[in-house]
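Student: predicted model follows, preceded by the sequence.
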Amino acid sequence: METTEYWIRPGQKKAIALLHGIGAKDPQDYWHAFLDIVVNDEQLQEFGVFVWKYPTHVGSGWWNNMISTATQFTLRETAPQIKQLGAVWDTTYHTQFRDYQDVFLICHSMGGLVVKSWVIDVLESGHSDRLEQLRHIAFYATPHNGAPVTTLANWNRQLKDMQLKSPLIEDIGNRWHNHVVAWKERNPGPKEHLYNRYIAHLVVAGLVDRVVPSNFATIRGINVTQVQGDHSEVIQPRNADDTRYKVWRHALDENMVRMLPRSQTIPETLPAFPSSLPQQITPPSPASSVVPQHPSSNYHSCVLSYATEDQAFAEKLYTDLHKQGVSCWFAEQDLKQGDKLRPEIYRAINKQDKLLLILSEHAIESHWVEEEFDVARDRELRQTDTFLLFPLRLDETVFTTEKYWAITVRQRYIGDFCQWQDETAYQQALQRLLRDLHL
C-alpha cells in the first residue's frame with residue numbers, strides 16, 4: 001500500500017501530526033491553511049509538524065460532484081479499508097514518533113476513523129503503554145455516527161465503511177466509548193490499564209457541513225464544538241484568531257497545562273488584566289491560591305465579572321447575594337482607595353470559590369471579561385478538582401458568537417437571567433443560583 005509521510009519540520013520532543021480525509025492528493029496542500037498557521041505560531045516552534053497521506057481514490061472535490069462521479073464509475077474497490085489503514089498508521093506512528101515524548105494528532109473526516117480504529121486495536125491487544133506519548137486528538141468533521149453518502153457506498157470501500165448503517169461505525173463507536181471515553185473520570189486498575197486509556201480529544205463540526213452534519217460528528221460523552229464552514233472549510237482557518245484554529249489551540253494549551261507537575265504554576269505569560277495603562281502582574285504564590293473557608297456562610301464565595309454596560313445588573317445581583325449571606329467580591333465595593341484595579345481582581349479570582357461570569361453582547365466583546373475568564377480557567381487547570389466558573393447570561397449572544405472562549409463557556413450550564421428586569425423571572429433565576437452556590 002502506497003503512503004506518503006514526511007516532516008514539515010522536526011521538533012524537540014513534541015510533535016503535531018495531521019491526517020487527512022477522503023480526497024487528498026497532496027496532504028500539504030490539503031492542510032495548507034492550517035499548516036501555515038501552525039508553522040508560524042511562535043509558541044509552537046519547538047513542535048515538529050508531520051503529515052501523512054494514504055490512498056483514497058476519490059477526487060478532492062468528491063462531495064461537490066458525487067452524482068457525476070458515480071455516473072462515470074470512477075470510484076473503484078481499490079481503496080484500502082479503514083481498519084487496514086489503522087494498521088499502516090500504527091507502523092508509521094511507532095517509526096516516526098519513537099523519539100518524541102508528546103504527540104498531538106489533528107484528523108479530518110475519515111482520518112479520524114483511521115485513528116480511532118488504530119487506538120482501539122492497540123488497547124484491545126493489551127498494549128496501552130504504546131499510546132503513552134499520545135496526548136490529544138482533534139477530530140474535525142469526522143463521521144463518528146456515519147455519513148449520508150450511501151449513494152456512492154457501493155463503489156468505494158471507504159465510503160461503505162462510513163455509511164450510516166455500517167457495522168464498522170457502530171462497532172468503533174461502542175468500543176471507543178468502552179475503552180477510551182468511559183475512563184475519563186475513572187482510574188483503571190493494573191489489569192484494566194492494559195486495555196483502557198482515556199485520551200483527551202476535541203470534537204469539531206461544521207455549521208453548514210452537509211457531508212458530515214454536526215449530529216453525525218458527535219462522540220457519546222464528549223462535547224462537540226461547532227465552527228463556521230462546510231466539510232472542507234472546517235480545516236481552513238483564515239488566521240490564528242479564527243475559531244477553527246483557536247478551539248484547537250486552546251485545547252492544546254489546556255492539555256499542556258495538565259501535563260505540568262502539580263507543584264508547577266502556569267508557565268511564562270499569565271493573562272494581563274487590561275487597564276488604562278498596561279501593568280505587569282506577579283502571579284500569586286501557591287499559598288494565595290488556596291480556596292478560603294467561610295465557616296460563617298452556607299454559600300461559596302464569589303467574584304463578579306461583567307462588562308461596564310451591565311453594571312446595573314451586577315449591582316443588583318451583588319446586593320441580593322449579599323442579603324442572602326453570600327460573600328461576594330465586587331470591585332465597586334471592595335477596592336480600597338489607591339488599589340490597582342486589575343491586580344486586585346486577579347487576586348480575588350484566585351482567592352474566592354466561584355467566578356460569576358455575567359455574559360451579554362457587551363461582555364462577549366469585552367477584552368477584560370475574556371481575560372478574567374482566562375485567569376479562572378488557568379486556576380481550574382492548576383487545581384483539577386476546582387470548578388470555578390459560574391456563567392450567567394443576560395441575552396443569547398453566548399450561543400451565537402464565534403469567540404473561542406465563549407464556545408468553551410457554553411459547554412457549561414449557563415444560568416438564565418435574560419428577563420432580569422422582570423422581578424418574578426429574576427427571583428426565580430436568583431433562587432436557582434443560590435441553590436447552586438449552597439455548600
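Tutor: Arrived safely, thanks for sending.
Student: Arg249 and Asp241 touch, don't they?
Tutor: No - counting by CB atoms under 8 Å, Arg249 stays clear of Asp241, with 9.8 Å between them. Where you see a C-beta, it was placed from the backbone N, CA and C, and this is true even at glycine.
Student: neighbour-wise, which of these two wins?
Tutor: Arg249 (19 against 13; other CB atoms under 10 Å).
Student: which SSE is the more buried one in?
Tutor: In the assignment (DSSP states H and E), Arg249 maps to helix 243-258.
Student: so what secondary structure elements neighbour that helix?
Tutor: strand 102-108, strand 134-140, strand 200-206, strand 224-227, helix 367-382, helix 404-409 (3 or more CB pairs under 8 Å, 6 or more residues apart in numbering; DSSP states H and E).
Student: give me the residues contacting the second one.
Tutor: Read it as strand 134-140. 102-109, 112, 115, 119, 199-204, 217, 219, 234-235, 248, 251-252, 255, 259 (CB atoms under 8 Å, 6 or more residues apart in numbering).
Student: endpoints of stretch 205-220, how far apart?
Tutor: From its first residue to its last, stretch 205-220 covers 14 Å (CA to CA, to the nearest Å).
Student: let me fix that: stretch 302-313
Tutor: 16 Å.
Student: give me the distance from that stretch to the chain's centre.
Tutor: 27 Å (CA atoms, centre = their mean, to the nearest Å).
Student: would you mark the buried spots in it?
Tutor: Cys302, Val303, Leu304, Ser305, Tyr306, Ala307, Asp310, Phe313 (16 or more other CB atoms under 10 Å).
Student: coming back round to it: turn the helices and strands packed on helix 243-258 into CSV, columns for mean neighbour count, distance to Val181 and mean pLDDT.
Tutor: Formatted as CSV, those follow (neighbours: other CB atoms under 10 Å; distance: least, CB to CB, whole Å; pLDDT from 0 to 100):
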stretch, mean neighbour count, distance to Val181, mean pLDDT
strand 102-108, 24, 16, 97
strand 134-140, 24, 12, 97
strand 200-206, 23, 9, 93
strand 224-227, 22, 13, 88
helix 367-382, 20, 20, 81
helix 404-409, 20, 19, 83
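Student: Leu392 is nearest to which of these?
Tutor: helix 404-409 (10.6 Å; CB to CB).
Student: which strands or helices does the closest one pack on?
Tutor: Right, helix 404-409 is packed against strand 224-227, helix 243-258, strand 354-359, helix 367-382 by 3+ CB pairs under 8 Å, 6+ apart.
Student: so which of the ones you listed is nearest Asp29?
Tutor: Short answer: helix 243-258, nearest of those by CB to CB, at 17.6 Å.
Student: what's the average pLDDT for the closest one?
Tutor: Mean pLDDT, helix 243-258: 86.
Student: put the alpha carbons of that helix into CSV.
Tutor: Extracted in CSV, the C-alpha atoms of helix 243-258 (Å, rounded to 0.1, in the frame of the first residue of the first chain):
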residue,chain,number,x,y,z
THR,A,243,-12.3,30.0,15.7
ARG,A,244,-11.5,27.0,13.5
TYR,A,245,-7.9,27.2,14.7
LYS,A,246,-8.4,28.8,18.1
VAL,A,247,-10.5,26.0,19.5
TRP,A,248,-7.7,23.5,18.8
ARG,A,249,-5.1,25.9,20.1
HIS,A,250,-7.0,26.4,23.3
ALA,A,251,-7.4,22.6,23.7
LEU,A,252,-3.6,22.2,23.2
ASP,A,253,-2.9,24.8,25.8
GLU,A,254,-5.2,23.1,28.3
ASN,A,255,-3.6,19.8,27.7
MET,A,256,-0.1,21.2,28.1
VAL,A,257,-1.0,22.7,31.4
ARG,A,258,-2.5,19.4,32.7
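Student: list the buried residues for that helix?
Tutor: Quick answer for helix 243-258 (16+ other CB under 10 Å): 243-257.
Student: output the below-cut-off pLDDT ranges for the stretch 201-350 of the chain.
Tutor: By pLDDT under 70, the low-scoring segments of the stretch 201-350 of the chain are 259-297, 331-346.
Student: ranges for the helices of it?
Tutor: 243-258, 311-323, 331-334, 341-351 (DSSP state H, counting those that start in this stretch).
Student: and the pLDDT at Ser128?
Tutor: 94.
Student: what is the burial count for it?
Tutor: Neighbours of Ser128 (other CB under 10 Å): 21.
Student: could you find the closest non-adjacent residue to it?
Tutor: Arg197 (4.4 Å; CB to CB, 6 or more residues apart in numbering).
Student: do the same with Leu44
Tutor: Val38 (6.1 Å).
Student: relative to strand 102-108, how tilted is the helix or strand where that neighbour lies?
Tutor: Using DSSP H and E, Val38 maps to helix 32-40. Between the axes of helix 32-40 and strand 102-108, defined by axes from the mean of the first three to the mean of the last three CA atoms, to 10 degrees, the angle is 160 degrees.
Student: sheet partners, orientation included, of the helix or strand following helix 32-40?
Tutor: Next along the chain after helix 32-40, taking DSSP H and E as the criterion, comes strand 47-53. Using DSSP bridges, strand 47-53 pairs in its sheet with strand 4-9 (antiparallel), strand 14-19 (parallel).
Student: ok, residues contacting strand 47-53?
Tutor: Residues contacting strand 47-53 (CB under 8 Å, 6+ apart): 3-12, 14-20, 24, 26-28, 31, 35, 38-39, 89, 92, 96-97, 100, 104.
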